[in-house]
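S.K.: What would the 3D arrangement of this be:
(chains A and B)
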Amino acid sequence: DAGVIQSPRHEVTEMGQEVTLRCKPISGHNSLFWYRQTMMRGLELLIYFNNNVPIDDSGMPEDRFSAKMPNASFSTLKIQPSEPRDSAVYFCASSLSRRGLYGYTFGSGTRLTVV
Amino acid sequence: GNSVTQMEGPVTLSEEAFLTINCTYTATGYPSLFWYVQYPGEGLQLLLKATKADDKGSNKGFEATYRKETTSFHLEKGSVQVSDSAVYFCALRPSTNDYKLSFGAGTTVTVRA
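M.R.: Here you go, the predicted structure:
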């Protein structure tokens, strides 16, 4: 099992540019989460998908952020246009089931720097 | 609402010292509790979990007991190693029907040789 795979590991971009972060969840997991981690705010849940359907996007900061999950094995988080305050580590996590007692499996994260 | 409060760090210890990281929670109903560990440059990894009162989760020498009477889930290890240096997060899942994990702020632990 390769775990949750995120790409790229690091991204440096200029303010105003579009940024796309990618995630491949663990095969068979039907829940997917995008988190953002900063020193100031800790871990924030941005959006949650269940069976490829967005269930809760209340954590998405603003309209500049969008997320998609076109199939069970792939998700993207897009920021357009990017701003310096978006600099953070973005984690994708997947889980086996919405119910039950499972924790999440996290990817290694994408460190985004917007200059 | 549901929330988790962790002791503030950073915590610096010598090898073979005893480690305790306090975690208390606020929740309605019967939450599940978790400890995650984040090593430098990596994502969070599930360290241990407990799903009901008096359950003890354990892994890699770490233990935590779900105490409903004190709403606590303190993490302990009897003899730490340099390789235990990491950030530790306490987390709560409100119920089996709730997908959201609420994380504490994290506690940075540094173990010196």
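
S.K.: so where does the residue nearest the centre of chain A fall, helix or strand?
M.R.: Most central in chain A under Cα atoms, centre = their mean is A:Trp34, positioned 3.0 Å from the mean C-alpha point. Assigned by DSSP states H and E, A:Trp34 belongs to strand A:31-38.

S.K.: Show me what that strand packs onto, helices and strands only.
M.R.: Counting contacts by 3 or more Cβ pairs under 8 Å, 6 or more residues apart in numbering or on different chains; DSSP states H and E, strand A:31-38 is packed against strand A:42-50, strand A:74-79, strand A:88-95. Just so you know, the C-beta spots here come from the backbone N, C-alpha and C atoms, and that holds for glycine as well.

S.K.: For it, could you pull out the residues that count as buried?
M.R.: Across strand A:31-38, burial judged by 16 or more other Cβ atoms under 10 Å in any protein chain shown covers A:Ser31, A:Leu32, A:Phe33, A:Trp34, A:Tyr35, A:Arg36, A:Gln37.

S.K.: Stretch B:23-32 now?
M.R.: By neighbour count with 16+ other Cβ under 10 Å, stretch B:23-32 contains the buried residues B:Cys23, B:Thr24, B:Tyr25, B:Ala27, B:Pro31, B:Ser32.

S.K.: Okay, and the beta partners of the last one?
M.R.: Read it as B:Ser32. On the basis of DSSP bridges, B:Ser32 is bridged to B:Arg93.

S.K.: do the same with the third one
M.R.: Beta-bridge partners for B:Tyr25, by DSSP bridges, are B:Val4.

S.K.: wouldn't it be in contact with B:Ser72 here?
M.R.: Yes - applying Cβ atoms under 8 Å, one finds B:Tyr25 in contact with B:Ser72, separated by 7.5 Å.

S.K.: taking the buried residues of stretch B:23-32 as a set, which two sit the farthest apart in space?
M.R.: B:Thr24 and B:Ser32 (15.5 Å; Cβ to Cβ).

S.K.: circling back to that earlier point, taking the helices and strands packed on strand A:31-38 together, which one is wrapped up most tightly?
M.R.: Mean neighbour count (mean count of other Cβ atoms under 10 Å in any protein chain shown) peaks for strand A:88-95 among the helices and strands packed on strand A:31-38, with a mean of 23.
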